[in-house]
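# need a structure here:
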Amino acid sequence: MAAVITASESSWIAPFTGLSPRQFGKLVTVLRREGADAIRKGRRWSLLLEDRALLVAAYWRTNLTMRQLAPLFGVSKSAVDRIIDHLGPMLALQPCKRFAKDTVLIVDGTLIPTRDHSVAERSKNYRYSTNHQVVIDADTRRVVVVGRPLTGNRNDCKAWEESGAKAAVVKTLTIADGGYPGTGLVIPHRRERGQTELADWKEDHNKSHKQVRARVEHVFARMKTWKILRDCRLKGDGVHHAMLGIARMHNLALAG
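This next block holds a predicted model:
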């Protein structure tokens, strides 16, 4: 079965990965250094590491089924399944462990429609979803932490702690929206009971807060150009691996 899509043709890389050929080459080099191409027992991979990385990225980017993707890469459906299971976790973003003193972070939760109902629940959009807490650097807009997924009916202020995102950022100054009361995060000022309006300085603070916090929404918009985040068919940890891998590729694309 002849392959239609291959990493040896650089024109396929940008549409299916969101990366330039140079950025994709860097990613493959890091994967090889991390042991993704190590010799293992059993059958050898039918595709080179470059093509396997492109296959996983194409799966996340297009959300084609494995049966649709298999003939495009000249392999069987079961081979596509094995490649995604093996390489998907290796593409995962590694969370930052240390932050500079002047670092400002932004956190928000995003809902990913997920068909595996064992890890998802109906959420405010009435679809079975998982809640992902995503933390970005306010200056560089790079994703620095992605929390463990929780069911979509879990509110953000609880998901912040339960997902592990809070433990990952430690005491670094972090901005959030009004859905995180009582968490110690920097959230907008609210009117107290009986107040009809806020003081002018509070209104000004809320305006600047909103402008800065919007950066995380822009990150979500860019990440969701990988269509698997609009309707994830993966089971178990698959949605988490996809989220982490896409965050890593988003950061690579942002680096230029």
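# Pro113 sits in which helix or strand?
If you go by DSSP states H and E, Pro113 is part of strand 105-113.
# what backbone torsions are found at Arg193?
Its backbone dihedrals place Arg193 at phi -60, psi 130, with angles given as degrees, to the nearest 10.
# again, but for Val143
Dihedral angles for Val143 - degrees, to the nearest 10 - are phi -70, psi 130.
# spit out the contact partners of it.
93, 134-136, 219, 223, 247, 250-251 (C-beta atoms under 8 Å, 6 or more residues apart in numbering). C-beta here means a position set from N, CA and C on the backbone, and glycine is covered the same way.
# now those residues in a markdown table, with secondary structure and neighbour count?
Shown next, in a markdown table, are the contacts of Val143 (DSSP: H, G, I helix; E, B strand; the rest coil; neighbours: other C-beta atoms under 10 Å):
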| residue | secondary structure | neighbour count |
| --- | --- | --- |
| Leu93 | coil | 20 |
| Val134 | strand | 22 |
| Val135 | strand | 24 |
| Ile136 | strand | 25 |
| Val219 | helix | 22 |
| Met223 | helix | 21 |
| Ala247 | helix | 25 |
| His250 | helix | 23 |
| Asn251 | helix | 18 |
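# list just the nearest of those to Gly25.
Asn251 (15.9 Å; C-beta to C-beta).
# excluding chain neighbours, what is closest to that closest one?
Arg142 (4.8 Å; C-beta to C-beta, 6 or more residues apart in numbering).
# likewise His189?
Per C-beta to C-beta, 6+ apart, closest to His189 is Lys202, 4.1 Å.
# next one: Arg230
Counting by C-beta to C-beta, 6+ apart, the residue nearest Arg230 is Lys224, at 6.1 Å.
# before we move on, what about Leu185?
Ala176 (4.1 Å).
# which ones are touching Leu48?
Contact analysis of Leu48 by C-beta under 8 Å, 6+ apart lists Ala7.
# quick one: it from Gly236, how far?
Distance, Leu48 to Gly236, by C-beta to C-beta, to the nearest Å: 28 Å.
# phi, psi of the spatially most central residue of the chain?
Central residue of the chain (C-alpha atoms, centre = their mean): Met243, 3.2 Å from the mean position. The phi/psi pair for Met243 (degrees, to the nearest 10) reads phi -60, psi -40.
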